[in-house]
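# Quick one, fold the following:
(one chain, ligands or ions: 2)
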Amino acid sequence: MQYSEIMIRYGELSTKGKNRMRFITKLRTNIQDVLSIYPAVKVMADRDRAHVYLHGTDYKPVAESLKQIFGIQNFSPSYKIEKSVPALIAAVQAIMLDIYQEGMTFKVSSKRSDHDFELDSRELNQTLGNAVFEAIPTVQVKMKAPDIDLRVEIRKEAAYISYETIRGAGGLPVGTSGKGMLMLSGGIDSPVAGYLALKRGVDIEAVHFASPPYTSPGALKKAQDLTRKLTKFGGNIQFIEVPFTEIQEEIKAKAPEAYLMTLTRRFMMRITDRIRKERGGLVIINGESLGQVASQTLESMQAINAVTNTPVIRPVVTMDKLEIIDIAEKIDTFEISIQPFEDCCTIFAPDRPKTNPKIKNVEQYESRLDVEGLVKRAVSGIMVTEITPQAEQDEVDEWISDLL
Ligand code: ATP
Ligand code: MG
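Ligands and ions are numbered 1, 2, ... in the order given. Sure thing, here's the model as predicted:
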């Protein structure tokens, strides 16, 4: 027997009172975006549940995708059955014969939203339980925590049977907490920061600074590939490439070596903030982690942060590198992050950057530059592309081998 749909139970959003419908609508579009890699699949959502109709698609890869989407508590692959007692009996027997192993216990939990159905839920439990005994005489019933809980639902359009409950990612649906600009380099930390922001429902746009020809197309592609990895948690992400060459050359030419890093970071922060404002973002998110490198001392953070009042969220600020790497591996960004492409900051990085930059000095060096003109030109030169989820390579290989 093949699963016909997957029934989804919502997570934390159930507690959100009158915002509930907004949350559900958001979650539905996120699920649709993520599952857009399976063309036959359709998504519906009502107040209590969402339903993914498989239309012949294998449920396993779809379930893998669903496991990652924030805002889902858990879900159950289900069989759609004709709404008649004989059909239900045949179905529970077939399912049990398929999954039963020596010594397993079971129960039937029926629910009826269609009250015109000939049996009520108690009678259904009885009838279908007996049908199971007929098929497997040695099976035992257990009311509390049985090995197999056959859940039967009689709805208007059909009956549904499920027995597996798969845990979802929890968190909040992406987009229900407003929008933030993620400063995304090609490193390990910023994708993890992005993931953690997504988890709490922040819709992110990825801002990436590129300095061609000093940085290669490979470095840009790396940032885009990382962004694509982040789409599996809540759907499409806008990727914003900022032309940064002119600014880096100007700083290099006019400021002392030790302050290159601080000045560079202040420009990144200003530009990200300007883009945020234009695009309706509420916060900036970055991958700074305390003490990791010179730019990440508290003094540096203060000097860099001084260009804006916008809240800057640093989800990994107090994590150790190994903790960050654990998450990077879990979300499958680590392998991409360690590809050896030079970032705009590594190329212009001084040997001994200042770890305790003085704001007074910073401002004096910046007065040698046309800060406003440089920021304006960078902002007007941005390139925005929408990054959509993509099937994993092994799935693509599988489809191709199916076709051959
Ligand atoms: P990451 O692993 O995220 O690159 P990092 O440990 O290498 O972080 P830095 O290079 O000091 O740290 O960068 C600190 C933060 O500044 C990054 O996490 C990122 O948010 C932002 N950042 C650095 N370079 C870029 C860039 N080219 N484009 C966008 N944001 C950047
Ligand atoms: Mg970096």
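
# quick one: the residue in the stretch 201-350 of the chain that ligand 2 sits nearest to from Val293, how far?
Closest approach between the stretch 201-350 of the chain and ligand 2, counting by Cβ to the ion: Asp343, at 5.3 Å. Heads up, the C-betas are built off the backbone N, CA and C, glycines and all. Separation of Asp343 from Val293 (Cβ to Cβ, to the nearest Å): 12 Å.

# The two: which has the busier surroundings?
Asp343 (20 against 14; other Cβ atoms under 10 Å).

# Quick check: what element follows the host helix or strand of Asp149 along the chain?
Using DSSP states H and E, Asp149 sits in strand 148-154. Using DSSP H and E, the helix or strand that follows strand 148-154 in sequence is strand 159-162.

# Mutual contacts of Asp343 and Val293, please.
Here Asp343 and Val293 have no joint contacts, going by Cβ atoms under 8 Å, 6 or more residues apart in numbering.

# Would you map the strands across the stretch 51-200 of the chain?
Under the criterion DSSP state E, counting those that start in this stretch, the stretch 51-200 of the chain contains strands at 72-81, 105-112, 140-141, 148-154, 159-162, 166-170, 179-183.

# Mind listing what's buried along the second one?
The reference is to strand 105-112. By neighbour count on 16 or more other Cβ atoms under 10 Å, the buried set for strand 105-112 is 106-110, 112.

# hmm, back to that, can you tell me which of the strands of the stretch 51-200 of the chain is packed in deepest?
Comparing the strands of the stretch 51-200 of the chain by mean neighbour count (mean count of other Cβ atoms under 10 Å), strand 179-183 ranks first with a mean of 24.

# quick one: is that one near ligand 1?
Yes: against ligand 1, strand 179-183 shows contacts by Cβ under 6 Å from any ligand atom at Met183.

# Neighbouring strands - and their directions - for that strand?
strand 203-210 (parallel), strand 283-285 (parallel) (DSSP bridges).

# pLDDT averaged over the first one - what is it?
Computed over strand 203-210, the mean pLDDT rounds to 98.

# can you give me how far whichever helix or strand comes after that strand is from the chain middle?
Counting by DSSP H and E, the element after strand 203-210 in chain order, helix or strand, is helix 217-230. In terms of Cα atoms, centre = their mean, to the nearest Å, the centre of helix 217-230 is set 16 Å apart from its chain centre.

# Helix, strand or coil: sort out the closest residue to Lys321 other than its chain neighbours for me.
The shortest distance from Lys321 to any non-neighbouring residue, by Cβ to Cβ, 6 or more residues apart in numbering, is to Gln292 (6.8 Å). Secondary structure assignment for Gln292 (DSSP: H, G, I helix; E, B strand; the rest coil): coil.

# hmm, who's touching the strand holding Asp149?
76, 78, 83, 88, 92, 95-96, 99-100, 104-114, 117, 124, 128, 132, 159-163.

# Please verify my assumption that Val92 contacts Ile161.
Yes: the pair Val92 and Ile161 qualifies as a contact (Cβ atoms under 8 Å) at a distance of 6.7 Å.

# Flag the shaky bits of the stretch 151-300 of the chain, pLDDT-wise.
294 (pLDDT under 70).

# what residues does it put near ligand 1?
Counting by Cβ under 6 Å from any ligand atom, the stretch 151-300 of the chain sits next to ligand 1 at 183-185, 187-190, 207-209, 268, 286-288, 292-293, 295-296.

# In ChimeraX, select just the buried ones from those.
Buried residues within those, by 16+ other Cβ under 10 Å, are selected in ChimeraX with:
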select :183,184,185,187,188,189,190,207,208,209,268,286,287,288,292,295,296
